[in-house]
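**Q** Sharing a model that was predicted from the sequence below.
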Amino acid sequence: MRRWLTERSGFAQLPLGGDFYAWTMTSADTKPTGAGRRVVDKFQGASDKAKSTRTGQLVWRTAIIIVGVALIALGIVLLPLPGPGWLIIFGGLGVLATEFDWAKRLLGFAREQVGRWTDWVKRQSRPVQALVGILGLVFLVGVAFGAWSLSR
């Protein structure tokens, strides 16, 4: 467990008294580079310009809420379908995390849990991995069938 904390998350290097969620969101492995860095810089410039006035702050925050909630809603609608439902939900949380600390904490928690689940599945034998995959498919088929039967 200690090795996982050190290698996977760098938890052992967390400074004393530091905020874990702020640290995970600003660690070196999550900072964009190249084209991603340019997008972040443009977004930050637009954000700073919009926030320069009181009205701009209100409009900016409202736009972030609308975009973030719309992405989360779209992700929830797409969950029963094969596709990027969870990815879109995490994207919506990421948008909300640019303005809200609660969303940043929730996104950090979700990232940690997905990492733990993935590591657990990787450590299991092939039959257990196959069973997890089959159960996931059965769940998706059940949700799709339920959505289909409700739409009739």
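**A** Received the coordinates, thanks.

**Q** sec struct for Leu81, please.
**A** coil (DSSP: H, G, I helix; E, B strand; the rest coil).

**Q** okay, it: pLDDT?
**A** With respect to pLDDT, Leu81 scores 71.

**Q** what's the answer for Ala130, then?
**A** Ala130 carries a pLDDT value of 90.

**Q** Would you state the strands of this structure in chain order?
**A** For the chain, no strands are identified by DSSP state E.

**Q** all helices for it, in order.
**A** Per DSSP state H, the chain carries helices over the ranges 2-4, 20-26, 35-50, 54-78, 85-97, 101-123, 126-151.

**Q** can you tell me the average pLDDT over stretch 54-68?
**A** Here stretch 54-68 scores 90 as its mean pLDDT.

**Q** what separates it from the chain centre, distance-wise?
**A** Relative to its chain's centre, stretch 54-68 lies at 20 Å (C-alpha atoms, centre = their mean, to the nearest Å).

**Q** outside of it, which residues touch it?
**A** Here stretch 54-68 makes contact (C-beta atoms under 8 Å, 6 or more residues apart in numbering) with 47, 49-51, 92-93, 95-96, 98-99, 103. No exception for glycine: its C-beta is placed from N, CA and C like everyone else's.

**Q** Fine by me, we can end here.
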